[in-house]
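[1] got a predicted structure here, sequence first:
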Amino acid sequence: MTGIGPTSQRPDAPDGAAAPEEQLPPPPASPVERANRMSAGNMVRSLLPLVVICLLVVGWQAFLRNPEDPVLEIDPANTLRLADLRADYPLLVPDLDAEYRPTSARTDAGNAAEGEPVTVQIGYVTPSGAYAGFVVSDDDDAEAVRAVLDGAAADGDVEIEGEEWARSTTQRGETALSRVDGGITLVVTGSAEDDELTAVAAAVEPYTG
């Protein structure tokens, strides 16, 4: 006797009814359909979190600034410490009062091998709101030195705090004060008036950390 039980065969369709079609998975999306899904709306939604983060960062920086004083002051201490550690000469830098605010500081000391020249650049906003830049290097061919003195027109010497500085007018029409001390070139220049540039030069002294 043959037993009756479940089988893997589909049941027969009722008389007069069509057999149900076998359910197949949908065909993969065509390249055109996939491209259509990458609509402008989808891209905007994907970029929205990044845009929000950028706006928050910009807003926070703006909040930290005084709206009446847009100068972003920096602390050049780390730059000077690195330069002093790597330089083969006694580092000389301006020791200025708080009215001269440093806004930039850079050195190539991080890439300098032992015995190689080291250059330091510091930019200040002066009390009048103008710019004064200071450069010190034991390489008179350093780019920061040449950028100021190349093509400058000599305009005599001036004595500042007992030191002779050469005065010149740069190709940008700005005053430059420079001197060489034991193979070390020092340069002061910028859009500031002569009295403020002179004050920067007069404040130069050995770096003490």
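    Right, received. Where do you want to start?

[2] next up, the contacts around the residue nearest to the spatial centre of the chain.
    By CA atoms, centre = their mean, the chain has its centre lying nearest to Ser104, at 9.9 Å. Counting by CB atoms under 8 Å, 6 or more residues apart in numbering, Ser104 makes contact with Ile74, Gln121, Ile122, Gly123. (C-beta placed from N, C-alpha, C; glycine too.)

[3] and Ala199, that one's in a helix?
    Yes - per DSSP: H, G, I helix; E, B strand; the rest coil, Ala199 lies within a helix segment.

[4] tell me who's in contact with it.
    With CB under 8 Å, 6+ apart as the criterion, the residues that contact Ala199 are Leu96, Tyr100.

[5] can you verify Arg81 is assigned to a strand?
    No - counting by three-state DSSP, Arg81 is not part of a strand but helix.

[6] residues contacting it?
    Remark: with contacts taken as CB under 8 Å, 6+ apart, Arg81 is in contact with Gly209.

[7] strands along this structure, start to end?
    92-94, 101-107, 119-125, 131-137, 153-160, 163-169, 175-181, 184-189, 204-206 (DSSP state E).

[8] could you dump those to CSV with mean pLDDT and distance to Arg86?
    CSV is the format used below for the strands of the chain (pLDDT from 0 to 100; distance: least, CB to CB, whole Å):
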stretch, mean pLDDT, distance to Arg86
strand 92-94, 97, 15
strand 101-107, 96, 8
strand 119-125, 98, 10
strand 131-137, 98, 12
strand 153-160, 97, 28
strand 163-169, 98, 25
strand 175-181, 96, 19
strand 184-189, 98, 14
strand 204-206, 96, 16
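
[9] as TSV, those strands with distance to Thr198 would be great.
    Compiled in TSV, the strands of the chain are given as follows (distance: least, CB to CB, whole Å):
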stretch	distance to Thr198
strand 92-94	11
strand 101-107	18
strand 119-125	13
strand 131-137	10
strand 153-160	6
strand 163-169	9
strand 175-181	7
strand 184-189	8
strand 204-206	11
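
[10] so which of the ones you listed comes closest to Val52?
    Of all the strands of the chain, strand 101-107 sits nearest to Val52, with 29.3 Å by CB to CB.

[11] run the angle between the closest one and strand 131-137 for me.
    Put simply, strand 101-107 runs at 30 degrees to strand 131-137, going by axes from the mean of the first three to the mean of the last three CA atoms, to 10 degrees.

[12] list the buried residues for strand 101-107?
    Arg101, Pro102, Ala105, Thr107 (16 or more other CB atoms under 10 Å).

[13] likewise stretch 75-82?
    If you call a residue buried by 16+ other CB under 10 Å, then stretch 75-82 has these buried ones: Pro76, Thr79, Leu80, Leu82.
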